[in-house]
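1. my questions are about this predicted structure, shown below with the sequence.
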Amino acid sequence: GAVVSQHPSWVICKSGTSVKIECRSLDFQATTMFWYRQFPKQSLMLMATSNEGSKATYEQGVEKDKFLINHASLTLSTLTVTSAHPEDSSFYICSAYLRTSTDTQYFGPGTRLTVL
Amino acid sequence: GNSVTQMEGPVTLSEEAFLTINCTYTATGYPSLFWYVQYPGEGLQLLLKATKADDKGSNKGFEATYRKETTSFHLEKGSVQVSDSAVYFCALSDQWKLVFGQGTRLTINP
């Protein structure tokens, strides 16, 4: 149980285009999902906290107009990287709280974004 | 603020060796502590956790004890296998947010 999927697993796009990444909790409802960014050989950096039906809360230094987050249902959150540039190339990972759990997050497999 | 510090890697061991990966934390209050593992090409998986002082988390032969007096949560395994090669992340929960250490890359040679 507690499976989280991401789609796509990898994407290559041209500079200036927008890319949408989906995060789904497959067998549980998640009121809260998180989006992380992981640079090569580095740790995960929290970008934003996404609560179902409300606006996302962004961490300091994360541009909310560039990284649009939508959490329309209890099983789906999306991250849209708008007007992507090569410096946005990274590994993006989502996680979700199991609703009945106190503090355990379950992670998706990640999405590799490469902006040319 | 809250933070997690892990021993720097990479760590390379021979199969059946004893493993310790050090993790210390700084936190206000009493966070839960976690070890996550990231196998090559995969997402993070929860390895074990402890929610209060003196709790011991264990899974797949790995263990870690929540030591409040030393603010530590060191990961140990008595006999590692090649399949344990991965990146290991120590983390604490800050309310609902996770704060991660920098990760330790472990390579086990046959």
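-> Received it, and whenever you're ready, just let me know what you need. Numbers count the residues shown, from 1 in each chain, chains lettered A, B, ... in the order given.
2. what sits against residue 73?
-> In the absence of a named chain, chain A is used. Shown in contact with residue A:73 (C-beta atoms under 8 Å, 6 or more residues apart in numbering or on different chains): residue A:52. No exception for glycine: its C-beta is placed from N, CA and C like everyone else's.
3. I was thinking of chain B, sorry if that wasn't clear
-> By C-beta under 8 Å, 6+ apart, the contact list for residue B:73 reads B:23, B:24, B:25, B:33, B:35, B:50, B:64, B:65, B:66, B:67, B:90.
4. now with 7 Å?
-> Contacts for residue B:73 (C-beta atoms under 7 Å, 6 or more residues apart in numbering or on different chains) come out as B:23, B:25, B:33, B:50, B:64, B:66, B:90.
5. by neighbours, which of these wins?
-> residue B:90 (30 neighbours; other C-beta atoms under 10 Å in any protein chain shown).
6. so that residue sits against residue B:23, correct?
-> Yes: shown here, residue B:90 and residue B:23 form a contact pair, counting by C-beta atoms under 7 Å, at 3.5 Å.
7. what sits in contact with each of the two?
-> Common neighbours of residue B:90 and residue B:23 (C-beta under 7 Å, 6+ apart) are B:4, B:6, B:73, B:101.
8. pipe the residues you listed into TSV and attach distance to residue A:16 per row.
-> Converted to TSV, the shared contacts of residue B:90 and residue B:23 look like this (distance: C-beta to C-beta, whole Å):
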residue	distance to residue A:16
B:4	37
B:6	38
B:73	44
B:101	36
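9. from the residues you listed, which ones fall inside strands?
-> Counting by DSSP state E, these place B:4, B:6 in strands.
10. name the residues that touch the one helix or strand in chain B whose mean pLDDT sits lowest?
-> Taking mean pLDDT, DSSP states H and E as the measure, chain B has strand B:97-100 as its least confident helix or strand, at a mean of 88. By C-beta under 7 Å, 6+ apart, the residues outside strand B:97-100 that reach it are A:43, A:44, A:46, A:49, A:105, B:2, B:3, B:4, B:89, B:91, B:92.
11. between those, which is nearest residue B:106?
-> Of all these, residue B:106 sits closest to residue B:89, with 11.3 Å by C-beta to C-beta.
12. how about the residues of chain A by chain B?
-> Proximity of chain A to chain B, by C-beta under 7 Å from any C-beta of the partner chain, involves residues A:32, A:42-44, A:46, A:49, A:93, A:97, A:103-105, A:107-110.
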